[in-house]
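Chemist: how would this look folded up:
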Amino acid sequence: MQFKKKYLEKLGATIELTAFAPEKKTAEYHAILHVESRGEAFLEQFRRICQAETQLLESEDIKGAKPVFKRYFLSDATNQRPLMGQDDTCTVSYIQQPPLDGSKIALWLYLQRGTDITPNADEKQSTIVRHNGYEHLWTMGMTTSEGSSYGQSEHLLVDYAKLLESYDMTLEDNCIRTWFFVRDVDTQYKGLVVARWENFTLHGLTPETHYIASTGIGGNPPDPKAIIQLGCYALKGFKPEQQRYLYAASHLNRTSEYGVTFERGTLLQFGDRNHAIISGTASINNKGEVEHVGNIELQTKRMWENVEKLLEEAGMTMNNAAQLIVYLRDGSDFETVKEMFRKKYPHIPTVFTLAPVCRPSWLIEMECMAIQAAENDCFNDF
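Modeler: Next comes the predicted model:
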């Protein structure tokens, strides 16, 4: 894994880049782009982050790579999204989770080189990636504007299952990762939890079978009538034994024990590499209890410990992490947390956003994806 950070002085922009690019193999890149505030309007910040993205795509660092998905973190999604135009390069999500560095926008990109990438592959503007017998389906930014949080969650999951069916996939066999962004998570999260539980049960997803790696976190979709935004990653063409769930039972309990339905993490094994997908993880113990209520520093340390234990179960460390998304309930904790991350994980591309966690007593949550070289002779390369 290679980590680079580049400051573009004229643009007042920073590119944080992770490259996993073994010789003569598929290359993967995660990039997080930040812009300085400079006190100007949103469109100027958007223009500068677009120019930084162009410089990245044209650089020797990722020459020939194409985007698979993008996520824009916005300070005011309802007003800003209409100003941004249409992006047809890949599947995109736009979510109001204000960057905590004082800017109005940040961007996370996932890119690949050496695969067949098709953007706008269906009516949901999915990106589908084909290579070595695998089909990777990335579908971001799904919303509906009618109903309660329960009704919208149910609608989106039913809709997504139909989309998967059109690709000869199912929720239970092929969906690897979900993101649920919830408007006013303190009051609306319960509706999502109930709808997801009911939908998953219908698909045979139970505590006795398995669930899906996920993040459920506060975030406002651009449409003010949308309460829930859903993003998903599904995979076709893999053997069941290529997927393994991560539990870290010494530190974490099964989520079903406190009434929610997601896996702590998922390990995907390919011929030439392993992927660890770590769900949104907070300061929790193996009884499902919040640890260190009211203390941001101790919650951050326990959160790190939990993530590190999940990665350890996958045979990895934080040196394999390709990116970090950090969600804070209270923006005034940003300087403290930023300094803690700077000292512990200075090399990993990271974005800090204002996004309340699903329990009010959780002050912080993080998620990540990790990549490790491997020789799994029974499976096709990525």
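Chemist: what is the residue nearest to Cys175 when sequence neighbours are not counted paired to in the beta sheet?
Modeler: Distances taken as C-beta to C-beta, 6 or more residues apart in numbering place Ala234 nearest to Cys175, at 4.8 Å, with adjacent residues excluded. All C-beta spots, glycine's among them, are computed from the backbone N, C-alpha and C. Assessed by DSSP bridges, Ala234 has beta-bridge partners Leu137, Cys175.
Chemist: ditto for the one 10 residues further on
Modeler: Beta-bridge pairing for Arg244 (DSSP bridges): Leu267.
Chemist: Show me the strands in the stretch 51-200 of the chain, by range?
Modeler: In the stretch 51-200 of the chain, the segments counted as strands under DSSP state E, counting those that start in this stretch are 66-74, 91-96, 105-113, 116-118, 127-131, 134-142, 175-182.
Chemist: can I get the ones you listed in CSV with mean pLDDT?
Modeler: What follows is the strands of the stretch 51-200 of the chain, written out as CSV (pLDDT from 0 to 100):
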stretch, mean pLDDT
strand 66-74, 98
strand 91-96, 98
strand 105-113, 98
strand 116-118, 98
strand 127-131, 98
strand 134-142, 98
strand 175-182, 98
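Chemist: ok, and what's touching stretch 54-73?
Modeler: Stretch 54-73 has contacts (C-beta atoms under 8 Å, 6 or more residues apart in numbering) with 4, 8, 11, 15, 17, 19, 27, 29, 31, 33, 84, 87, 89-95, 97-99, 105-113, 117, 127, 129, 136, 138, 140, 231, 351, 353.
Chemist: Which stretches in the stretch 251-382 of the chain count as strands?
Modeler: Counting by DSSP E, counting those that start in this stretch, the strands of the stretch 251-382 of the chain are 265-269, 273-281, 321-328, 350-354, 364-373.
Chemist: helices or strands next to the longest one in the packing?
Modeler: In this case it means strand 364-373. strand 213-218, strand 273-281, helix 296-313, strand 321-328 (3 or more C-beta pairs under 8 Å, 6 or more residues apart in numbering; DSSP states H and E).
Chemist: Quick one: mean pLDDT for it?
Modeler: Computed over strand 364-373, the mean pLDDT rounds to 98.
Chemist: just how off-centre is it within its chain?
Modeler: 9 Å (C-alpha atoms, centre = their mean, to the nearest Å).
Chemist: what angle sits between it and strand 273-281?
Modeler: On the basis of axes from the mean of the first three to the mean of the last three C-alpha atoms, to 10 degrees, strand 364-373 is oriented at 170 degrees to strand 273-281.
Chemist: and stretch 369-382, which residues are buried?
Modeler: Met369, Ala370, Ile371, Gln372, Ala374, Phe379, Asn380, Asp381, Phe382 (16 or more other C-beta atoms under 10 Å).
Chemist: Angles on the backbone of the fifth one, please.
Modeler: Put plainly, it is Ala374. phi -150, psi 170 (degrees, to the nearest 10).
Chemist: ok, and the closest non-adjacent residue to it?
Modeler: Spatially, and ignoring its direct neighbours in sequence, Ala374 is nearest to Asn274 (4.8 Å; C-beta to C-beta, 6+ apart).
Chemist: now swap in the first one and tell me
Modeler: With C-beta to C-beta, 6+ apart as the measure, Ala322 is the residue that lies nearest to Met369, at 5.2 Å, once sequence neighbours are left out.
Chemist: What helices and strands are in contact with the helix or strand where Glu28 lies?
Modeler: In the assignment (DSSP states H and E), Glu28 maps to strand 27-35. Helices and strands touching strand 27-35, by 3+ C-beta pairs under 8 Å, 6+ apart, are strand 13-20, helix 42-58, strand 105-113, strand 321-328, strand 350-354.
Chemist: Turn these into JSON lines, columns for distance to Ala282 and mean neighbour count.
Modeler: Formatted as JSON lines, the helices and strands packed on strand 27-35 follow (distance: least, C-beta to C-beta, whole Å; neighbours: other C-beta atoms under 10 Å):
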{"stretch": "strand 13-20", "distance to Ala282": "23", "mean neighbour count": "22"}
{"stretch": "helix 42-58", "distance to Ala282": "29", "mean neighbour count": "17"}
{"stretch": "strand 105-113", "distance to Ala282": "20", "mean neighbour count": "22"}
{"stretch": "strand 321-328", "distance to Ala282": "9", "mean neighbour count": "24"}
{"stretch": "strand 350-354", "distance to Ala282": "15", "mean neighbour count": "22"}
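Chemist: Can I get the ones you listed in a markdown table including distance to Asn79?
Modeler: Conversion of the helices and strands packed on strand 27-35 to a markdown table gives the following (distance: least, C-beta to C-beta, whole Å):
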| stretch | distance to Asn79 |
| --- | --- |
| strand 13-20 | 22 |
| helix 42-58 | 8 |
| strand 105-113 | 12 |
| strand 321-328 | 22 |
| strand 350-354 | 16 |
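Chemist: Looking at these, spot the one closest to Leu205.
Modeler: Proximity to Leu205 (C-beta to C-beta) singles out strand 321-328 among those, at 24.4 Å.
Chemist: before we move on, the earlier item: just send the strands of the stretch 51-200 of the chain back as TSV, with distance to Leu192 too.
Modeler: As requested, the strands of the stretch 51-200 of the chain are exported to TSV (distance: least, C-beta to C-beta, whole Å):
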stretch	distance to Leu192
strand 66-74	19
strand 91-96	15
strand 105-113	22
strand 116-118	30
strand 127-131	25
strand 134-142	13
strand 175-182	6
